[in-house]
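Visitor: Just a sequence and a predicted model for now, questions to come.
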Amino acid sequence: MRKIFVVALLTGILTVSACGITKKTLGFANEGPDETKVKTNPPLTLPPEYNVRPQKSVVSENSGEEKSINE
C-alpha cells in the first residue's frame, strides 16, 4: 500500500512539474536575459605607459638603506 502511494505521489509531482504554466507560477521557469537590459562593456585597452618598468632597488644588509640600480 505504501509503495503504491509513493509511486502515485511521484507520478503526480512529475506530471504537474512538466506543465509550463505550473513552472512559471512556482518560479521554476528559466527565462533568459532581456536584451534591452544587457549592458555592453567597452573594449579593453592597454595603459599608455605599459612598457615602463619600476626601478629595481636593493636593500643593503648593513645599513638597511635602499639603493636603486639602473640597468
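Guide: Sure thing, it's come through.
Visitor: Can you get me a residue count around K23?
Guide: Using other Cβ atoms under 10 Å, K23 has 14 other residues around it. From N, CA and C alone the C-beta is placed, and that goes for glycine too.
Visitor: Excluding covalently adjacent residues, which one is nearest to it?
Guide: The shortest distance from K23 to any non-neighbouring residue, by Cβ to Cβ, 6 or more residues apart in numbering, is to A29 (4.5 Å).
Visitor: now that neighbour, what's its secondary structure?
Guide: Under DSSP: H, G, I helix; E, B strand; the rest coil, the three-state class of A29 is coil.
Visitor: Could you tell me how many residues sit around it?
Guide: A29: 11 neighbours (other Cβ under 10 Å).
Visitor: Kindly report the same for I13.
Guide: 10.
Visitor: Quick check: which helices or strands does the helix or strand encompassing it pack against?
Guide: Assigned by DSSP states H and E, I13 belongs to helix 2-17. Contacts defined by 3 or more Cβ pairs under 8 Å, 6 or more residues apart in numbering; DSSP states H and E place helix 2-17 against no helix or strand at all.
Visitor: Please work out the average pLDDT along that helix.
Guide: Averaged over helix 2-17, pLDDT sits at 84.
Visitor: okay, that helix in CSV with CA atoms only?
Guide: This file holds the C-alpha atoms of helix 2-17, laid out as CSV (Å, rounded to 0.1, in the frame of the first residue of the first chain):
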residue,chain,number,x,y,z
ARG,A,2,2.8,2.4,0.9
LYS,A,3,4.7,1.7,-2.4
ILE,A,4,1.5,2.5,-4.4
PHE,A,5,1.1,5.8,-2.6
VAL,A,6,4.7,6.8,-3.2
VAL,A,7,4.6,5.9,-6.9
ALA,A,8,1.3,7.8,-7.3
LEU,A,9,2.7,10.8,-5.4
LEU,A,10,5.9,10.8,-7.6
THR,A,11,3.9,10.4,-10.8
GLY,A,12,1.6,13.3,-9.8
ILE,A,13,4.6,15.5,-8.9
LEU,A,14,6.3,14.7,-12.3
THR,A,15,3.1,15.4,-14.2
VAL,A,16,2.5,18.7,-12.6
SER,A,17,6.1,19.8,-12.8
